[in-house]
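*Asks:* Sharing a model prediction with you, sequence too.
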Amino acid sequence: MLVAGDCFDSPFPEEGTILKAADAMSPFGGPWVLLPGNHDPAEAGPLWDRLEHAARNLATAKLDLRIARKGEPIRIDDASLEILAAPLRHRHDPVDPTAWMATSERRPGLVRVGLAHGSVQGFGGDGESTFNRIDPRLPEMADLDYLALGDWHGTLGIGRRCWYSGTPEPDRFRSNEPGHVLVVEIDEPGALPRIERVPTAECRWIEETLEHSGDAGALIARVEAILSGSTPADRLLLDLTLAGEVDIGGRARIEARIEEWRARLCHLRVHDGLIDRPSDEDLRELRLEGVAQAAASRLAAMAGNGEEEDSEIARLALRRLYLMQHRIRETG
């Protein structure tokens, strides 16, 4: 089992995180080869010593753990496999950490696999693309049967012998095919690899934009349809954008349901672009008289026809007045 870097998000995880990682790996009977990446580089603190200690002290199983702390071949005897590992020693490395592979002599009779962490196309756009660069021609230059890459969080093939497996769980709202591992089969040295994507994600991240058409019930039903899918609500992360116009009564119903959804979901982020347009029914339900009624009518006019800043203030004031009246009636 090859892990191409960023086994941990930080070089200083809590002790419980390290122990849970060792427990999670222990059911697999074969060897694990872990590569330090830019989030958990080889020389950043005692992380890897701590993980090796946790692996040695597991009470339930023996964990066959190989940590690639420096650029060198790792021999897996039972598999007739040689892994050329290129760990990152620091978070940012201005040179190609895999350059040494092209001059490494190939041992006869062994399948030869590269393991590296970095960018071949400047992924991310976060200022790190000039660091940890890897030549996409490396499989040919180093005579590799396969090159396993980490850093890009989605599943992506760079060529017939080079893939990013991506993260086994999605970690953001992005459509780049995360949530997989790759099963790679190589029959013999020089043979082309057979690559199978295996879905592993238990959580689902959804981005949804809903245009309100005047019926709050219809909008609520559309969100409930998302929640009623095959993914349990507590494993669903929803980025919800709301747009359109809504009366105050509809606004109150939608906001009440948002609080229910927030309690049910693993995560909910709402971008509220709804514009309040008080209806005649809203104003009747307020049941105001005299000066209060006159103020509500003026606020309604400002909400629909005032300057943008004044309209927003007027809509907020009407919404609060409406909700306050509802609470008063509910409590008697």
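*Replies:* Nice, thanks for sending it over.
*Asks:* what about residue 241, how many neighbours?
*Replies:* Residue 241 has 14 neighbours, counted by other C-beta atoms under 10 Å. Yep, even glycine has a C-beta here, placed from its N, CA and C like the rest.
*Asks:* hang on, it in a helix?
*Replies:* No - using DSSP: H, G, I helix; E, B strand; the rest coil, the assignment for residue 241 is strand, not a helix.
*Asks:* Just to check, it is in contact with residue 211?
*Replies:* No - taking C-beta atoms under 8 Å as the definition, residue 241 is not a contact partner of residue 211, at 9.3 Å.
*Asks:* show me what contacts the most centrally placed residue in the chain?
*Replies:* The centre of the chain sits closest to residue 171, judged by C-alpha atoms, centre = their mean, with a distance of 1.3 Å. Listed by C-beta atoms under 8 Å, 6 or more residues apart in numbering, the contact partners of residue 171 are 153, 178.
*Asks:* what do you get if the cut-off is 10 Å, keeping everything else the same?
*Replies:* Residues in contact with residue 171, defined by C-beta atoms under 10 Å, 6 or more residues apart in numbering, are 9, 153, 178, 179, 203, 205, 237.
*Asks:* immediately after the lowest-mean-pLDDT helix or strand in the chain, which helix or strand?
*Replies:* Lowest mean confidence among the helices and strands of the chain (mean pLDDT, DSSP states H and E): helix 280-286, at a mean of 68. Sequence-wise, the next helix or strand downstream of helix 280-286 (DSSP states H and E) is helix 290-305.
*Asks:* quick one on the thing from earlier: test for you: state the pLDDT assigned to the residue nearest to the centre of the chain.
*Replies:* With respect to pLDDT, residue 171 has a value of 87.
*Asks:* Am I right that it sits in a strand?
*Replies:* No - per three-state DSSP, residue 171 lies outside any strand segment and is coil.
*Asks:* correct me, but residue 258 touches residue 210?
*Replies:* No - if you go by C-beta atoms under 10 Å, residue 258 and residue 210 don't touch, sitting 11.9 Å apart.
*Asks:* list residues touching both of those two?
*Replies:* Counting by C-beta under 10 Å, 6+ apart, the shared contacts of residue 258 and residue 210 are 220, 223, 240, 242.
*Asks:* now the first one: how far from residue 173?
*Replies:* Between residue 220 and residue 173 the computed distance is 22 Å (C-beta to C-beta, to the nearest Å).
*Asks:* now what about stretch 211-220, what contacts it?
*Replies:* Residues from elsewhere that reach stretch 211-220, judged by C-beta under 10 Å, 6+ apart: 210, 221-222, 241-247, 249-258, 260-261, 273-275, 277, 279.
*Asks:* Could you chop this structure up by domain?
*Replies:* Domain ranges of the chain: 2-199, 204-330, per automatic domain parsing.
*Asks:* Now tell me which of those the model trusts least on average.
*Replies:* The minimum mean pLDDT among those belongs to domain 204-330 (a mean of 81).
*Asks:* list the residues that contact both of residue 241 and residue 211?
*Replies:* Both residue 241 and residue 211 are in contact with residue 273, where contact means C-beta under 10 Å, 6+ apart.
*Asks:* Can you say which of the contacts of residue 171 are buried?
*Replies:* 153, 178, 179, 203, 205, 237 (16 or more other C-beta atoms under 10 Å).
*Asks:* which one of those sits closest to residue 318?
*Replies:* Distance to residue 318 across the buried ones among the contacts of residue 171 (C-beta to C-beta) is lowest for residue 237, with 32.9 Å.
*Asks:* got the buried residues for the helix or strand containing that closest one?
*Replies:* Following DSSP H and E, one finds residue 237 within strand 236-246. Neighbour counts over strand 236-246 (16+ other C-beta under 10 Å) mark 236, 237, 238, 239, 240, 242, 246 as buried.
*Asks:* relative to strand 236-246, how tilted is the helix or strand that it is followed by?
*Replies:* As assigned by DSSP H and E, the chain's next helix or strand after strand 236-246 is helix 248-264. On the basis of axes from the mean of the first three to the mean of the last three C-alpha atoms, to 10 degrees, helix 248-264 is oriented at 180 degrees to strand 236-246.
*Asks:* would you say residue 310 is within a helix?
*Replies:* Yes - per three-state DSSP, residue 310 lies within a helix segment.
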